[in-house]
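Q: Return a 3D structure for these sequence lines:
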Amino acid sequence: MAGQIFHFSDFRPFIRHEIGEMGRLLEDRRKITIMFVRHSEPQRMLKVLKDALRTSDVIFRKNDLFLIVMPATDKEGAMHVARMMEEYFGHTIVDVNATWPEDGTTEGDLLANFAQYIASKCSLDLMDILK
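A: I've put the predicted structure just below:
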C-alpha cells in the first residue's frame, strides 16, 4: 500500500527533497522514477495504486491525474507498475515516466524533461497542471 497521498502543489518541493535524499544512499539505489497517469476512473485508479505501490512510494492526485514518485526505482520498475495497472483494468494505460538522474540530474532538468515527455505523449502541460 502506498505510503502517502499528497496534493499536486507539493510535487516540486517533494522532488527536490527526494533528490537530496538520494545523495545519501548507496550508488546502486540512487534512482527516482516519477510517473504520470491519467485515467477516466480516478477512484478505481487510486485503489489500484494504493494496492500496487510500496509504502515508500508517494501519490500526488488532482482529479483524474496522478503523479507517482517511486524512490529507488528505475524505468523497468515503473513499467512493471504500469503493466499491473493494465492487467487490473484490462486495457492499455497511458503512462509517462522519467528517472533521476538519467532524465535530469537536477530537479529543474528532471521536471522539464518529464513535462516535455508528457506534452509529447498526452498533449498536456505539466506546469499548468502543477499550478
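
Q: show me where this protein has strands.
A: 4-7, 32-38, 58-62, 65-71, 95-100 (DSSP state E).

Q: What pairs with the worst-scoring helix or strand of the chain on mean pLDDT, parallel or antiparallel?
A: Within the chain, no helix or strand scores below strand 4-7, which has a mean of 79 by mean pLDDT, DSSP states H and E. In the sheet containing strand 4-7, its partner strands are strand 58-62 (parallel), by DSSP bridges.

Q: follow-up on the earlier one: can you redo the strands of the chain as CSV with mean neighbour count and distance to His80?
A: Where C-beta positions appear, they are placed from N, C-alpha and C, glycine not excepted. As requested, the strands of the chain are exported to CSV (neighbours: other CB atoms under 10 Å; distance: least, CB to CB, whole Å):
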stretch, mean neighbour count, distance to His80
strand 4-7, 12, 21
strand 32-38, 23, 11
strand 58-62, 19, 17
strand 65-71, 22, 10
strand 95-100, 23, 11
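
Q: so can I have JSON lines of these showing distance to Val81?
A: Shown next, in JSON lines, are the strands of the chain (distance: least, CB to CB, whole Å):
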{"stretch": "strand 4-7", "distance to Val81": "16"}
{"stretch": "strand 32-38", "distance to Val81": "7"}
{"stretch": "strand 58-62", "distance to Val81": "11"}
{"stretch": "strand 65-71", "distance to Val81": "7"}
{"stretch": "strand 95-100", "distance to Val81": "8"}
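
Q: averaging pLDDT over each of these, which comes out lowest?
A: Note on the strands of the chain: lowest mean pLDDT is at strand 4-7, with a mean of 79.

Q: Might you list the low-confidence residue ranges for the chain?
A: Across the chain, residues meeting the criterion (pLDDT under 70) sit at 1-3, 23-29.

Q: between the strands of the chain, which one is nearest to Asp51?
A: Set against Asp51 and scored by CB to CB, the strands of the chain come closest in strand 58-62, at 11.7 Å.

Q: contacting residues around the closest one?
A: 2-8, 10-11, 14, 42, 46, 49-50, 53, 66-69, 129 (CB atoms under 8 Å, 6 or more residues apart in numbering).
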